[in-house]
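test case, fold it:
(chains A and B)
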There are 2 protein chains.
Amino acid sequence: MTQALAPQAIVVSVGEELLEGRVLDTNAQLLAGELLRLGFVVQRFLTIGDAPAAFQDLLAEYAGRADAIVSSGGLGPTADDRVRAEAAAAAGVALVDVPDALPQLAELYRRQLHTEPPDHYLAQARVPAGALPLPNHAGTAWGFAQSLGPRTRLVCLPGPPREAAACFFDGGGRADLAARVSAGRRLAFGTFHTAGWTESAVEGRIRDLLERSGNPRMGIIASGRRVTVSVLACDEPGCSAIELLEATATQLRTRLGEILWGRDDETLEGVAVRILAERGQTVATAESCTGGRLAAALTAIPGASDVFRYGWITYADAAKTSELGVPAELLRGAGAVSPETAIAMAEGARRKASADWALSITGIAGPGGGSAEKPVGLVWIGVAGPQGSYAVRRRMFARAGRAAVQEQSVRDALEALRRELLGLNRLPDRG
Amino acid sequence: MTQALAPQAIVVSVGEELLEGRVLDTNAQLLAGELLRLGFVVQRFLTIGDAPAAFQDLLAEYAGRADAIVSSGGLGPTADDRVRAEAAAAAGVALVDVPDALPQLAELYRRQLHTEPPDHYLAQARVPAGALPLPNHAGTAWGFAQSLGPRTRLVCLPGPPREAAACFFDGGGRADLAARVSAGRRLAFGTFHTAGWTESAVEGRIRDLLERSGNPRMGIIASGRRVTVSVLACDEPGCSAIELLEATATQLRTRLGEILWGRDDETLEGVAVRILAERGQTVATAESCTGGRLAAALTAIPGASDVFRYGWITYADAAKTSELGVPAELLRGAGAVSPETAIAMAEGARRKASADWALSITGIAGPGGGSAEKPVGLVWIGVAGPQGSYAVRRRMFARAGRAAVQEQSVRDALEALRRELLGLNRLPDRG
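Numbering: from 1, shown residues only, chains lettered A, B, ... in the order given. Model (predicted):
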């Protein structure tokens, strides 16, 4: 039903580095989500290399078969960036200068390299004749939007993720496509994030909703420690897509209660920083096995300086003692990976930072350093707050690797803080 | 030429959650890299959804046009997992039980859910007749490898990344493909990473190599502050692919000199940790605007605890003073974002950690907090070592966003340390 009504889109990624497995493509995911929100149904992603005619062959295959083709990559300053020229060739037009942009680009090159720019560098400020130029505030390559026949709109963006986003959002690529979707949005899409339960446990609580066929269509997906429920609703006679989405959101809040922590683009660290800022409270961090990742998560949020001021990475036992006042005899006895040390780290950080809250993480990230008693993946999270302190034992899936153990420890610490701030049940011990 | 000689591969990802932008596909990158190492040239990635016939249509399009089609996804226990049945239909055969696997799977289901398994659950232990079953030690869905006509070998893997890897490596998917590549590897591939120069500057130094047509084929790609040169060499009469690759590596070392810091899977933090470990030296970190990312980069490397023991995140001025001994009058005078503060932070961290080296980062990550004199993107990096200390001024591209400014600051700090450790020229001031 959804499929038949909605306009169709193809997402294309261009770059030899993608086909060679050297770079992970994140643009396709971003663009697909945005196209869905605009009301497009994405039919396929295609990734191709830099070989001559690869892009033009693809356009020949898909032009007329989709309402939108959105590509990223192949617009840069080097000789193997062919998307610009091949898009023009597919439309049967020449490349033309973006007014005023070319002299600026040339001047930038001269200033940086003290020589005249080669022509393939200047090509970054050319677009196919008749195309809408899309400015790129994050880089030098202009994007563009261009029609291929009566049905298909082609939007070409640069490859570096920040530049693709710059051209798509601020540069006007998204607006160009939005204007082509018929008035009155047909689809509404939302995602609802939970923490602390397994995918099966979340599914068990909402199975009847998931199995309800038709509209809205729901899905469930786990990534890291986060289990997300997605809802795709479609206009029906007498009920808009948005109304259907919000009715489902209400059902989800009832079913999932306190484990539901956010929606759409929200992050756990964003939620924590927001709640702290609203209350004028602060949090400090004391990390061992996560080596700064918890602080990095909090300081990814603009304005984090209002709520986060001090953090310690006490990787060595001596650092735990000298910087956070963890007693040396405690480290010799209970050990660095213990509830006592987690609590002492958190209390030390809270005291030294004069913060309202402090979080600590101490564990064994692997691959080495595990033992039968304290295996790789064992992590203690300490929480210190106005009402006292405690530690939570968590056991991460060690075979997922060092980075996953570190990342999941950060997620759990943030979730422990969120629950504490909202007065919810504590994160349970596990493993 | 490379293209003509080497066997061709297509990488397919199956899942509605991918097309809806809910999940980032990491399987395609992993599989592409492995295929390249086996000697395949990957022509395309394709991502499709769960709609009936989507996979079979794709096989009809590509069977006979590629030597290998490797897919992940669509093998699970639910009704919309259609890859198994559609692969069998494409080959014109029925699905058959994997010997012994079906009873085990049924027993697992009964034990977990105390009821009889539905047929689409049991389908996870069926493969097309004549296919090689690929066991999956990380999950319940079997993969398989199957021929589609005389040219094409189809390898189908489950979608969850751990399960895809389990079937491909331990399960035998990779070995099945390796046996089909003619003896004697035809391709050799290497990547060469640089820091400190722009993509255009690197290109200018090696333009003649890049433009030399034929064999080896070279490319250049920028991501973050890292510019990478890739080299894909192919056997020639009288010269093996490996020999061609190494000859090019020698040329690159001559042309790029000290900016060439690593090869293939190496990272800047990995290089820094390795050099420090070889010398038995240590480094401490003191971060303001990067909020823990520099320490997180170092502690991503297994065994980092030998060289990294102490880190501070002194986001607030008071923290810089109380934890690192930065004089309060210096912060009031020169300010937090200044060479004096960067040096004082690094020296304080080096002294308190009793470390051989210390790195500090203080700057304005944005989006707020900038001024005409100290704009968003201005960053001072401090280096303290056995021979004294100094600060480097860097100006990040602010419009790329907060995360980019933070990430690039970390890269520059690591590069400053690498140059110092190797006695190379200091990272120059910029901006």
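
how about stretch A:221-238 and chain B, touching?
Yes: against chain B, stretch A:221-238 shows contacts by CB under 8 Å from any CB of the partner chain at A:221, A:223, A:228, A:230, A:232. Using the backbone N, CA and C atoms, a C-beta is placed for each residue, glycine as well.

closest to A:Ser409 out of those?
The closest of the residues of stretch A:221-238 next to chain B to A:Ser409 turns out to be A:Ser223 (CB to CB; 15.8 Å).

pLDDT score for that closest one?
Here, the pLDDT recorded for A:Ser223 equals 69.

now the one 4 residues further on
pLDDT, the model's per-residue confidence, is 85 for A:Val227.

now it: which helix or strand?
Assigned by DSSP states H and E, A:Val227 belongs to strand A:226-234.

quick check: A:Arg350 vs chain B, distance?
As defined by CB to the nearest CB, to the nearest Å, A:Arg350 lies at a distance of 14 Å from chain B.

which residues pair with the closest residue to that residue other than its chain neighbours across the strands?
In space, and not counting its chain neighbours, A:Arg350 is closest to A:Ala358: 3.6 Å by CB to CB, 6 or more residues apart in numbering or on different chains. With DSSP bridges applied, A:Ala358 shows beta-bridge pairing to A:Ala284, A:Ala384.

I'd like to know how many residues surround A:Ala358.
29 (other CB atoms under 10 Å in any protein chain shown).

got the contact list for it?
By CB atoms under 8 Å, 6 or more residues apart in numbering or on different chains, the contact set of A:Ala358 is A:283-286, A:346-347, A:349-350, A:382-385.

could I get the buried residue list for the strand holding A:Val227?
A:226-234 (16 or more other CB atoms under 10 Å in any protein chain shown).

for A:Thr314, state which of those is nearest.
A:Thr314 lies nearest to A:Arg226 out of these, by CB to CB, at 27.6 Å.

hmm, back to that, where's the residue nearest to A:Arg350 relative to chain B, distance?
From A:Ala358 to chain B the distance is 13 Å (CB to the nearest CB).

got it, and A:Arg430?
19 Å.

need the three-state assignment for that residue.
At A:Arg430 the chain is in coil, as set by DSSP: H, G, I helix; E, B strand; the rest coil.

I'd say it and A:Arg394 touch.
Yes: if you go by CB atoms under 8 Å, A:Arg430 and A:Arg394 touch, sitting 5.4 Å apart.

more neighbours, those two?
Using other CB under 10 Å, the more surrounded residue of A:Arg430 and A:Arg394 is A:Arg394, with 24 against 12.

which pair in the residues of stretch A:221-238 next to chain B spans the largest distance?
The most widely separated members of the residues of stretch A:221-238 next to chain B, counting by CB to CB, are A:Ser223 and A:Leu232 (18.1 Å).

what sits closest to A:Gly219 if chain neighbours are left out?
A:Ser230 (4.6 Å).

the one you found pairs with what?
As for beta bridges, A:Ser230 partners with A:Thr191, A:Gly219 under DSSP bridges.

tell me who's in contact with it.
Counting by CB under 8 Å, 6+ apart, A:Ser230 has contacts A:189-192, A:218-221, B:17, B:20, B:22.

from these, pick the one nearest B:Phe45.
Checking those one by one against B:Phe45 (CB to CB), the nearest turns out to be B:Glu17, at 16.3 Å.

so what touches the helix or strand containing the closest one?
Using DSSP H and E, B:Glu17 sits within helix B:16-19. Contact partners of helix B:16-19, identified using CB under 8 Å, 6+ apart, comprise A:29, A:32, A:42-45, A:219, A:221, A:230, B:23, B:25, B:47-50, B:73, B:80.

among these, which are in strands?
Taking DSSP state E, the ones among the contacts of helix B:16-19 that sit in strands are A:42-45, A:219, A:221, A:230, B:47-48.
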